Every structure is written in C-alpha cells, then in structure tokens.
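Peer 1: Predicted model, plus sequence, below.
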Amino acid sequence: MTKYMVRRVVMAFVTLTVVACTTFFLMNAIPGNPWLSEKTPTQATIDALNAKYGLDQPLIIQLGKYLGNLVQGDFGTSIKMQKNRPVLQIILEMFPVSAKVGILAILWAVVVGVPLGCLAAFKRGTWVDSFLRIVCTIGISMPGFVVATLLLHTLCGGIAGLKLFPALFDGTPGSYVLPCLALGFYPMCYLSRQTRTAMLDSINQEYIKTARAKGLKNSVIIFKHALRNALIPVITYLGPQVAFTLCGGLVVETVFSIPGLGRYFIQSIQNRDYPLIMGTTIFLAAFIIVMNLLVDVCYKIVDPRINLTRGN
Amino acid sequence: MAETKKYNKMGSLQPNIDDILDWNALPENAFEPATESEKESFIQERENVSYWKDAWRRLKKNTVAMVALVVIILLALFAFAGPQIVPYSYKEQIRGSETLDPWHYTLEDKQKINDYIEEHSGSKVLSAEEAIEQARAEAEAKGEKLSKVEEAKIRASANVSQQSAEETAMTADQAAKELGIKTKMFGYSDRELQRMAEGEKVFPHVFGTDDQGRDIMVRVMVGARVSIIVGICAAILVLIIGAVYGSISGYCGGMVDTVMQRIVEIIYSIPEMLIILLLSATLKPALEQFQNSGDGVMQSLVTLLGPNLISMFIAFGLLYWVTMSRIIRGQILQLKQQEYVTAARALGAKGSRIIGRHLLPNCVGQIVTTTFLQIPSAIFLESFLSFVGVGVSAPLTSLGSMCSEALSGLTSYPYRLFIPALILSVLILSLNLFGDGLRDALDPRLKK
C-alpha cells in the first residue's frame, strides 16, 4: 500500500509538470498579447510591459522561473484581468462557488441516480425499467447547455406564472437549485445506467444465492451484498466525473452567469492573462489528480480484494 | 411383406433383421437426379454466413437500433441533401425577412388585425410630422400661419400621445386571438407574401429567420452537417491513433508497454476540457496562417474543411485516443496468447504483419463499436466548444453556436434555441442507441 501510494504521488507530480509545460507552450502559441485593448498600445509600451512582467525572456527561462516559483507555492500575479492581484487569491475566491455547485450537483446525481439504477435492476423487464431506461438514455444524449437552457426557460419566467427561481445567480439558496439540477442531470442518468448494469451483474452471482439460502432479509441482501459489489464500477466513474463536473460546469456557469472558475478560465484565455491561465489549469489538474487518488483508495475500502500494488 | 414382419419385443435394442434386409431391396427408380431448381435452392440454403451478415441479422432484430438507424439516415439526408434543396444559403442575409417567426398571418388576416388594433386603440394616432401637416393645413384654411412655437407644441403633444398609445396598444398576437385568426405554418415576410399572391413560388422559411435575415432551417442543416463531419473525422482519427498505440503497447509488452501505459495514465488525468479549450484557441490561428501560406493540396484541404473544424478534431484526436488504445491493448493482450499467433511467429511473420493480419481483425467488433460510440461523444464536445465560443466561428455555424447565439433572445424567440438543441439531442440519442445495438450485435457475449 505504501509503495503504491508513493508511486501514485510521484506520478501525480509528473502529470502536473506535464500539464504545466503543455499549458505554458500552448498558451504562448496563441497569437496576440495581453496588452491589446481598444486602444492599441505603441510598440514601446508593449516592450516596457513585457519587460516588467518578464515576458521578454526566452520561453524556457520563463517556464523555469514559473515552475521554480510554483514549487514555493507562488502562482504569480494576474497581469490583465485583475491587475497585480495574486492568482492564488483569485482562484481561492472563485473556486468555492464552482465547487459548491459542482458538489451539490454530484451529490444529487448520486443520491438519485444510484437508487434509480437499483430500482431499474430489480424491476427488470417491467414498465418501470423501460421508463427509466428511456429517461436515462435521453439524459445522456442532451448536452449540458440544452438541459440548462430548458430549465432556465421553463422555470424562470418563460412560461407565464412559472417563475420559481431567479434567472441570474445571486448566491441565494434558491439560485443554486437550477444550476445544480442542470449540472447533475447527465451524471445522474449515467450513474443510474451504470448502477443498473452492475446491479444485474451482482444479483446473478453465487453469493447472492448463498445469502438467500441463509435466509437473510431482502433488504440486507440488497444493501449489504449486492449493492456493495455493484458500487465498484460506479466509484470508478465517479472520480473522473467529479473532475468533469467541476470543469465542465463552465457551460452552466455561462448560462446562469455564475461567477465561477470555469467561466473565468475562458475569459482569461481570451484576454491572454498568462499567469491566470497557468494557475487555473494547474489548480484544476491538481484537484482532479487528488480526486482520482481518493477514488482508488475508496476502492480498497469498498472491496478489500482489490490489489492496488499489482498495477491496474 | 408387412404381415410377415416380426417385431421385436417392446424396448428391445436389437435391430429388426427383416427391416435391414429390406434396405438393400431398392426399386430401380428410388433415386433420381436433382433438378436444376433443386440444386440452386440447395446451394442457397447453405450459403455461408459471414461475421458481418450474422451481426446484421442480429441487428435487424433489434427494433430500437433499427429505428435509431432510420433516424440517423433521415438526419444525414436533412444535413447533406437539405441545403441543396433549399434555395437559401446559410450565410445569405435575405433583405426584408429579418426576425421572422416560423409562422405567419396571411395578408388578409394581417389587414384585419391592423384594422382591429386601430379600432380598439381609439382614433388613429398621428405621428408628429403628420400632426403638424394637419395643423398647418387647418391654419392655412383659416388664413393664418403656424408659428415655430406652436409647431413645437404640436410635435411634443403628438409624441406624448403616440407614446401612451403605444403603451396601451394591443399587440398583433392579442388582436389575432380576439379575432380568432389562426397562424399558418412557416415564415414568410410581407414582400414574399405579396410575391406569392402574384402567383410566384416562394420557398418558405420553415423555422423562421434570425435577426440578420438568415434562414434558420438552412443554418440548422449546415450546423448538423458540421456536427456529423466533426464526429466522423474525430472518430477516425481516434481509431487510427488508438489502434496503432494500443496494439504496439499490447503486442510488445514488457518495458515498452510499461512506458507507454505511464504516458496513457498521464494523459488520462489531464483536465481534458481545459487543454482542449487551449488547443483549439492555439490551433485555429496557426491553421489560418497555414491556409494562407500557399496553395498546395494540404492548404486547399484546410480551406475546404475550414481551420476551425480541423483544429477541433485535432484537439479531439490528440486527447481522446486514450480510451480506444486501452480497449485495444486489453484485447491484444488476450489474443496474443492464441496458437495462431505462435504459428504465425514460427512461420517468421513480422510483428507488424501479426498485428495487422491476425490481431486487429480479431478484435474488429470492439473496434467498430468503440469507434462508433466516439461519434456522439465528439459531437457532444463540438457543441460544447461552440457553445462556449471557441468552436466554429462565423460565418460557418454549428448546432452549438446556434444555441449560444439564441441564448440572448431566449424569452422572445425560444424556438431559435430549441430547434437546434432538439436536432442535436436527437442526433446524439440515435447515435448512442444505434451504437449500443451495434455492440450487442457485434459482440453477443457482452449482452446481458
């Protein structure tokens, strides 16, 4: 276990370095510079600004300096969007909003999706199963922005008398409902499909027969024996999905005008705010990697048979 | 003879000797040569069933998959043949037909509605200039002249009354409701209705037009075409990279496999959305530069497809092959233990030949299914990128960018968002359903 963890942590750092380098070279390959605005500044101004922020040095040296600072926990300062404010401070201000929406979305996806999947598995072949299957297949075929705008249109005043929630995000509990619903809909449908398959798989196993033969209660069989084994593929999916929801939340953030990190990231690309692009990417990548690591540890807890040290 | 037959005891396993003796006593005409038609039907009955025919037979039984296939074909026709039929082009701005709804009132009905509105909003409200003209005429009739001050007064009061009239005036929709006039299908502008009344044939704006007078149906068709092209190209790219990488990694094994799998692991945990956003922002200008650098074959290819599209499926191909390579590696790891691989190796076949001729054809079912299921996921991603604003750029359009454009006018023109969104969802849904059916048909072992 220790050996495995050490290997994973080393891999995590390698991945982060790769992400940092890729992002660095990619963003520098985008034509344009941060200083373009309505008034095109003179070449002399551009040179002076470049010199001030160290953008006149060769890319390799810039990258080396950035990585050196990063190791010391310094993400640099924003050069365009919020001038001279530390990037880390901006991220820490934006991230909680995205994280709140994302976590709530995942939470409702799990709380609703997994039981629905179980229900479909137990009612296999009945109309309940067919109905859930149709809903879930439609759910995974609708892009996030379609769900979001559909909700926005129907529940925020599009239909007369149905103005249940505010259309613009203002931080009140009511304004969290629709973004979370929209963001969690896809994972909910996907999770319930996965749970159904996994549940059917585990119901047909021998140990379920044994449990039944022992005379266990149906609820014990379902929750203690069948569901616990069915959860493994579900957890596998959950790790990347948490990450995806936090990054992919930017569609929902655009539709509902949530001041989240995803939307800010796109703006920072458009504005060529280099330190901000780097900071956001590295921060989110680190978050995703930690999530994946946590998921692998969760495996071990749910199913002690899984041998982590012997590769994947 | 039948009478003399002695039957054995019930349940005896001994053959009846008499019967066996009879077998050889066949009459002269017991056998006759098969006729031509019999021969033919015999061959037909025993026609060999190939892998694909077998899969097709299974697929045909799957109603859901077949319905999905029909929907896909219809959508493909809509996307590829549609723009040839409709006489408008996706970037043509039709003068006088801006912001048309996908429904219209006939000219007579419009007249009725206007009359009704006038009736119910009291006397016809004059515009400022008209009021002045009227006052001037009155003044002249009395033999006086209108002073500048009086003119200004009239203008101000006319403006005020006009404003209040506008506030209280009923809209055309309310008037139509009260008159009981129903709207007709499709959008036509007044001018087009006039031309139709003169007997000319005018192609309707089935889904209406947008603010700039572009026909929404043609734009939806072109958008769907872009989505389908992106999906297919990205899937092929993923297939090529994934198949090569996965098969080399699986076949070579050992150190090569370890290193290659570490690389896969790294790519797997990269936040793909962020990198794709960056990549498409980077590649687009680079490709535009390349497009203008000369006029070789590659340059004209870039012009044909558009730099936006190419940058999108490069971004897709670079990151999404990981899943494909994992699946193929897993299959190859299993297959390379088979005897026929050992036999091929004993005959001196090279690694590339073994992979190409023996291993890959044996996991074709998995490959086809995975490739096919990449198409909806690529379309998903394309619409996402276009929606966020880094996908295809004007004047070309895609379903995602149409949705994004429609977002600002959602309350007034909800159909502008829902039509492309619906087509997109139906497209992805039917691709997913057909892909699931394909998997069941090609790999029946997976079916539960």
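Peer 2: Yep, that arrived.
Peer 1: switch to C-alpha atoms for all contacts and neighbour counts from now on
Peer 2: Fine.
Peer 1: In the stretch 51-200 of chain A, mark out all the strands, start to finish.
Peer 2: Counting by DSSP state E, counting those that start in this stretch, the stretch 51-200 of chain A has no strands to list.
Peer 1: which bits of it sit near chain B?
Peer 2: A:137-138, A:140-143, A:145-146, A:149, A:153, A:158 (Cα under 8 Å from any Cα of the partner chain).
Peer 1: Those into a markdown table, with extra columns for neighbour count and pLDDT?
Peer 2: Putting those into a markdown table (neighbours: other Cα atoms under 10 Å in any protein chain shown; pLDDT from 0 to 100) gives the following:
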| residue | neighbour count | pLDDT |
| --- | --- | --- |
| A:137 | 19 | 85 |
| A:138 | 19 | 85 |
| A:140 | 20 | 83 |
| A:141 | 25 | 83 |
| A:142 | 22 | 83 |
| A:143 | 23 | 81 |
| A:145 | 27 | 80 |
| A:146 | 25 | 82 |
| A:149 | 25 | 81 |
| A:153 | 19 | 76 |
| A:158 | 17 | 60 |
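Peer 1: List just the nearest of the residues you listed to residue A:278.
Peer 2: Proximity of those to residue A:278 (Cα to Cα) peaks at residue A:145, which lies at 26.2 Å.
Peer 1: In terms of secondary structure, what does the helix or strand containing residue A:234 contact?
Peer 2: In this structure, residue A:234 sits in helix A:227-255 according to DSSP states H and E. Other helices and strands packing on helix A:227-255, by 3 or more Cα pairs under 8 Å, 6 or more residues apart in numbering or on different chains; DSSP states H and E, are helix A:87-122, helix A:144-155, helix A:173-203, helix A:261-270, helix A:274-302, helix B:272-291, helix B:364-388.
Peer 1: now the angle between helix A:274-302 and it, please.
Peer 2: 160 degrees (axes from the mean of the first three to the mean of the last three Cα atoms, to 10 degrees).
Peer 1: hang on, the earlier thing: which one of the helices and strands packed on helix A:227-255 has the lowest average pLDDT?
Peer 2: Mean pLDDT values for the helices and strands packed on helix A:227-255 show the minimum at helix B:272-291, a mean of 75.
Peer 1: elements contacting that one?
Peer 2: Here helix B:272-291 is seen to pack against helix A:2-29, helix A:227-255, helix B:297-305, helix B:307-335 when contacts are counted using 3+ Cα pairs under 8 Å, 6+ apart.
Peer 1: starting at the chain centroid, how far to the helix holding residue A:234?
Peer 2: Relative to its parent chain, helix A:227-255 has a centroid offset of 6 Å by Cα atoms, centre = their mean, to the nearest Å.
Peer 1: cool, and stretch B:414-431?
Peer 2: The chain centre lies 9 Å from the centre of stretch B:414-431; the measure is Cα atoms, centre = their mean.
Peer 1: That stretch: which residues count as buried?
Peer 2: With burial defined by 16 or more other Cα atoms under 10 Å in any protein chain shown, the residues of stretch B:414-431 counted as buried are B:414-421, B:423-431.
Peer 1: out of those, which touch chain A?
Peer 2: B:414, B:421, B:424-426, B:428-429.
Peer 1: Filter the residues you listed down to the ones in helices?
Peer 2: Taking DSSP state H, the ones among those that sit in helices are B:414, B:421, B:424-426, B:428-429.
Peer 1: give me the residue from the stretch 1-150 of chain B nearest chain A.
Peer 2: Among all residues of the stretch 1-150 of chain B, residue B:64 sits closest to chain A, at 10.9 Å; criterion: Cα to the nearest Cα.
Peer 1: Remind me which helix or strand that residue belongs to.
Peer 2: helix B:63-80.
Peer 1: For the helix or strand just after that helix, buried residues please.
Peer 2: As assigned by DSSP H and E, the chain's next helix or strand after helix B:63-80 is helix B:82-85. Judged by neighbour count using 16+ other Cα under 10 Å, the buried positions of helix B:82-85 are B:82-83.
Peer 1: tell me what helix B:82-85 is packed against?
Peer 2: helix B:216-252.
Peer 1: right, is the helix it packs on up against chain A?
Peer 2: No. Contact of helix B:216-252 with chain A is not found when judged by Cα under 8 Å from any Cα; the minimum separation is 13.1 Å.
Peer 1: just how off-centre is stretch A:264-283 within its chain?
Peer 2: The answer for stretch A:264-283 is 17 Å, by Cα atoms, centre = their mean.
Peer 1: Can you show me the CA trace of it as PDB?
Peer 2: The C-alpha atoms that make up stretch A:264-283 are tabulated as PDB, following Å, rounded to 0.1, in the frame of the first residue of the first chain:
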ATOM      1  CA  TYR A 264     -13.200  32.900 -15.600                       C
ATOM      2  CA  PHE A 265     -10.800  30.500 -17.300                       C
ATOM      3  CA  ILE A 266     -12.300  31.100 -20.700                       C
ATOM      4  CA  GLN A 267     -12.200  34.800 -20.200                       C
ATOM      5  CA  SER A 268      -8.500  34.500 -19.100                       C
ATOM      6  CA  ILE A 269      -7.700  32.700 -22.400                       C
ATOM      7  CA  GLN A 270      -9.500  35.300 -24.400                       C
ATOM      8  CA  ASN A 271      -7.500  38.000 -22.500                       C
ATOM      9  CA  ARG A 272      -4.200  36.200 -22.700                       C
ATOM     10  CA  ASP A 273      -3.700  36.600 -18.900                       C
ATOM     11  CA  TYR A 274      -0.900  34.100 -18.900                       C
ATOM     12  CA  PRO A 275      -0.400  33.600 -15.100                       C
ATOM     13  CA  LEU A 276      -4.100  33.200 -14.600                       C
ATOM     14  CA  ILE A 277      -4.400  30.500 -17.400                       C
ATOM     15  CA  MET A 278      -1.400  28.600 -15.900                       C
ATOM     16  CA  GLY A 279      -2.700  29.000 -12.300                       C
ATOM     17  CA  THR A 280      -6.200  27.800 -13.100                       C
ATOM     18  CA  THR A 281      -5.100  24.800 -15.200                       C
ATOM     19  CA  ILE A 282      -2.600  23.600 -12.600                       C
ATOM     20  CA  PHE A 283      -5.100  24.100  -9.800                       C
END
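Peer 1: Now residue A:118. Nearest residue, chain neighbours left out?
Peer 2: Nearest non-adjacent residue to residue A:118, counting by Cα to Cα, 6 or more residues apart in numbering or on different chains: residue A:196, 5.7 Å away.
Peer 1: Identify the residues contacting the helix or strand encompassing residue B:265?
Peer 2: Using DSSP H and E, the element containing residue B:265 is helix B:254-268. Under the criterion Cα atoms under 8 Å, 6 or more residues apart in numbering or on different chains, residues A:11, A:14-15, A:18, B:249-250, B:319, B:322 lie in contact with helix B:254-268.
Peer 1: 10 Å - rerun?
Peer 2: Residues external to helix B:254-268 that are found in contact with it (Cα atoms under 10 Å, 6 or more residues apart in numbering or on different chains): A:11-16, A:18-19, A:240, A:289, B:245-251, B:253, B:318-323, B:325-326, B:329.
Peer 1: All good on my end, thank you.
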